Every structure is written in C-alpha cells, then in structure tokens.
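Participant: test case, fold it:
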Amino acid sequence: MKSLKAIAAVTMFAAAGLSHAAFSKTYNVGVAPIAAADTFTVAGPSTLTFELLPANLTGSLANLFAVSYQLAPVGQLVGLQSLVFNQGTRSFSGSFNLPAAGTYTSFFAVTKDANWVGKLNLNVVPVPEPETYALMGAGLLGVLLSRRRKQRTAIAA
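Facilitator: Sure, this is the predicted structure:
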C-alpha cells in the first residue's frame with residue numbers, strides 16, 4: 001500500500017512537469033529571403049518563440065519583420081517586431097506572448113545577404129498555469145512524505 005502511494009505521488013509529480021509544444025516548425029532558409037506564415041490553435045496562454053540560426057560561417061542578417069495576430073475568438077494584434085540588424089548579426093531569437101486560448105496566425109519575413117543560410121525555428125509552448133504548479137507541489141510533497149515515512153519505519157525496526 002505504501003509503495004502504491006509513492007508511485008502515485010511520483011506519477012503526479014512527473015505529469016505536472018510535462019510540457020508539450022502546441023506547435024513547432026522549422027524553415028530552411030536558402031539564398032533567397034524568406035516569408036513564412038502559419039496558423040495554429042492553443043488551449044491556453046502560450047509563448048511563441050522563434051530563432052534564426054546560421055548553418056555556415058559567412059553572411060549576416062539584414063532585417064526581420066514578425067507579427068502575431070489572434071484570429072479567434074477575438075481578432076487582435078498580440079505582437080509586432082520590426083528590426084534592422086547591425087552589420088555582422090548572425091543569429092537572433094525572440095518571442096510573442098499569446099495571452100489566451102484561441103487560433104493565432106504568425107508571419108515572419110527575413111532579409112539577409114546571399115551568403116547567410118540557416119534555419120528559422122518556431123515553437124509554441126503552453127505557459128504553466130497555477131494549477132500545474134499546485135499539482136507539481138502536491139506530487140513533490142507526496143514523494144517527500146512517503147520517503148520520510150519509509151525512513152521512520154526503517155529506524156523503528
């Protein structure tokens with residue numbers, strides 16, 4: 001019975017720590033400028049992260065235009081980035097906060113010199129809710145109490 005409680009506590013703790021991406025995509029960027037648009041749905045508040053990573057040792061980024069817009073349930077602009085990079089900038093990363101559940105669209109346009117080739121990675125992950133932290137804390141507390149009880153039983157014997 002005690003081992004069953006410990007297994008249940010460990011399972012709760014592990015489940016609370018799991019986080020799966022709601023959306024993930026990689027674009028290979030060749031010699032031409034890139035324009036990429038995607039639409040995806042999230043179940044709650046999330047973060048869209050993006051990064052431009054070079055695949056070689058030459059070239060630099062020129063500028064980036066990125067925008068995220070919530071299509072449903074309410075149409076609204078949730079983020080805009082327009083950057084001109086300094087000469088020699090090789091990589092860049094940024095993020096957009098997606099404030100609520102819904103359907104979003106994001107658009108990225110990147111210009112660069114012809115020598116820069118690499119990848120544009122997009123990744124959307126849910127923001128942990130307070131309930132997630134509570135579940136993780138309950139699992140950790142269960143593991144600690146189970147271990148303490150087991151140590152007391154071993155000392156008494």
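Participant: okay, strands next: where are they in the protein?
Facilitator: 23-29, 34-42, 46-54, 61-72, 76-84, 92-98, 102-112, 118-126 (DSSP state E).
Participant: spatially central residue in this protein, please.
Facilitator: With distances taken as Cα atoms, centre = their mean, Val125 lies nearest the centre of the chain, 3.5 Å away.
Participant: rewinding a little: what would the strands of the chain look like in a markdown table with mean pLDDT and distance to Leu145?
Facilitator: All C-beta atoms are positioned from the backbone trio N, CA, C, and that covers glycine. As requested, the strands of the chain are exported to a markdown table (pLDDT from 0 to 100; distance: least, Cβ to Cβ, whole Å):
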| stretch | mean pLDDT | distance to Leu145 |
| --- | --- | --- |
| strand 23-29 | 95 | 37 |
| strand 34-42 | 95 | 35 |
| strand 46-54 | 97 | 33 |
| strand 61-72 | 96 | 43 |
| strand 76-84 | 96 | 42 |
| strand 92-98 | 97 | 37 |
| strand 102-112 | 97 | 40 |
| strand 118-126 | 96 | 29 |
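Participant: and those as a markdown table, adding distance to Val143?
Facilitator: Formatted as a markdown table, the strands of the chain follow (distance: least, Cβ to Cβ, whole Å):
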| stretch | distance to Val143 |
| --- | --- |
| strand 23-29 | 31 |
| strand 34-42 | 31 |
| strand 46-54 | 29 |
| strand 61-72 | 39 |
| strand 76-84 | 38 |
| strand 92-98 | 33 |
| strand 102-112 | 36 |
| strand 118-126 | 24 |
